[in-house]
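>>> Quick one, structure for this:
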Amino acid sequence: MGRLEGKVALVTGSTAGCGEASARRFAAEGARVVVTGRNRDRGERIVAEIRAGGGEARFLRADIGVEAEVEALVAGTVAAYGGLDVLVNNASPTELQRGAARVDGPVTRLSTQDMENLWRGALYGYFFACRFGIAAMIEGGRGGSVVNISSTVSVAGVEGADAYTAAKGAINATTRSMAVEYAPYGIRVNAILLGLILTSDTARNLVADPQAGELLRTRHLTRFGEPEDIANAVLFLASDESAFITGSELRADGGVTINSKFPAARMHGRTDT
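Numbers count the residues shown, from 1 in each chain. Sure, this is the predicted structure:
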């Protein structure tokens, strides 16, 4: 019997990276999984592969930054599978955090519109999903688990990521408050703080660079992270194995933030979730 047998799980941003790895792992552990994101082709492909492997999943398209689409996403999940037991808030506007479309930076250079655009996906989307997802869990009457994917930038200062850092810090704080708020309903809320996870070409090119890669290897006490590492952590917090845990912040960063000899600095915030 799988560790999520009989559970219904919604994983936002699950058409790539850590979200995809989590959705696949959930299905392998017996959950009925809703895969969601903005890329329908990728989502449908992942669902087809999950089903081919004997799992149960379906794709529902949604932009996590659009409130009405998130409301419809949760309603569609409940309609499809009869309830909601696990909500993983993973989606984040990575195109606004790095690369050519990057809008983040020092607060003195950020426009109000840039901050709003980044927060809509990186923060407001989490609130939307929690608002409708937790309401569905309460309506279902069987408790649930919410796992918020945050970042170690929320606890370690970095350069050039003030809007993203603010969003992730807010997620940590509201993880704690929601854990208290919804405990009477049997709903647990936890966060995972991601460090460097090799989910993109940007991250892989960085570690392949002789100088930057050597610095990063020195800072990590273990190794660089892979999406499957995060899927393992998410699975634990989603499952009944963590029934005693709520309001926690699990750091999945290879030990970078506790390595006082090489504190988090310039490159960290540009390569995580």
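>>> Show me the helices in this protein, by range?
Secondary structure of the chain (DSSP state H): helices located at 17-28, 40-52, 67-81, 94-97, 112-119, 125-140, 162-182, 201-208, 210-219, 227-238.
>>> Ok, which of those comes nearest Ile192?
Minimum separation from Ile192 across the helices of the chain (Cβ to Cβ) falls at helix 227-238, 5.4 Å. Every residue, glycine included, has its C-beta placed from N, CA and C.
>>> what angle sits between the closest one and helix 17-28?
Helix 227-238 and helix 17-28 meet at an angle of 60 degrees, taking axes from the mean of the first three to the mean of the last three Cα atoms, to 10 degrees as the criterion.
>>> winner for burial among the helices of the chain?
helix 17-28 (a mean of 26; mean count of other Cβ atoms under 10 Å).
>>> Grab the nearest non-local neighbour of Asp162.
Using Cβ to Cβ, 6 or more residues apart in numbering and skipping residues adjacent in sequence, the residue nearest Asp162 is Val107, 4.4 Å away.
>>> ok, that neighbour touching Tyr164?
No. Contact criterion Cβ atoms under 8 Å: Val107 and Tyr164 do not qualify, at 11.5 Å.
>>> shared neighbours, the two?
Common contacts of Val107 and Tyr164 (Cβ atoms under 8 Å, 6 or more residues apart in numbering): none found.
>>> returning to that earlier point: for the helices of the chain, give me JSON lines that also has mean pLDDT and distance to Val155.
Formatted as JSON lines, those follow (pLDDT from 0 to 100; distance: least, Cβ to Cβ, whole Å):
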{"stretch": "helix 17-28", "mean pLDDT": "97", "distance to Val155": "19"}
{"stretch": "helix 40-52", "mean pLDDT": "98", "distance to Val155": "31"}
{"stretch": "helix 67-81", "mean pLDDT": "98", "distance to Val155": "27"}
{"stretch": "helix 94-97", "mean pLDDT": "53", "distance to Val155": "17"}
{"stretch": "helix 112-119", "mean pLDDT": "90", "distance to Val155": "19"}
{"stretch": "helix 125-140", "mean pLDDT": "98", "distance to Val155": "17"}
{"stretch": "helix 162-182", "mean pLDDT": "96", "distance to Val155": "8"}
{"stretch": "helix 201-208", "mean pLDDT": "63", "distance to Val155": "20"}
{"stretch": "helix 210-219", "mean pLDDT": "66", "distance to Val155": "15"}
{"stretch": "helix 227-238", "mean pLDDT": "96", "distance to Val155": "16"}
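>>> Distance to Leu10 added to those, as JSON lines?
Listed next are those as JSON lines, based on distance: least, Cβ to Cβ, whole Å:
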{"stretch": "helix 17-28", "distance to Leu10": "9"}
{"stretch": "helix 40-52", "distance to Leu10": "13"}
{"stretch": "helix 67-81", "distance to Leu10": "5"}
{"stretch": "helix 94-97", "distance to Leu10": "20"}
{"stretch": "helix 112-119", "distance to Leu10": "21"}
{"stretch": "helix 125-140", "distance to Leu10": "7"}
{"stretch": "helix 162-182", "distance to Leu10": "16"}
{"stretch": "helix 201-208", "distance to Leu10": "26"}
{"stretch": "helix 210-219", "distance to Leu10": "33"}
{"stretch": "helix 227-238", "distance to Leu10": "11"}
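>>> who wins for proximity to Gly2 among those?
Closest among the helices of the chain, using Cβ to Cβ: helix 17-28, at 7.1 Å.
>>> Now stretch 54-63 - C-alpha only, CSV.
C-alpha atoms of stretch 54-63 as CSV (Å, rounded to 0.1, in the frame of the first residue of the first chain):
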residue,chain,number,x,y,z
GLY,A,54,-0.4,2.6,-13.4
GLY,A,55,-1.0,5.9,-11.6
GLU,A,56,-4.1,8.1,-11.6
ALA,A,57,-3.8,11.7,-12.7
ARG,A,58,-5.4,14.4,-14.7
PHE,A,59,-4.3,17.8,-16.0
LEU,A,60,-6.2,21.1,-15.3
ARG,A,61,-4.7,24.2,-16.7
ALA,A,62,-4.4,27.3,-14.5
ASP,A,63,-2.3,30.4,-14.0
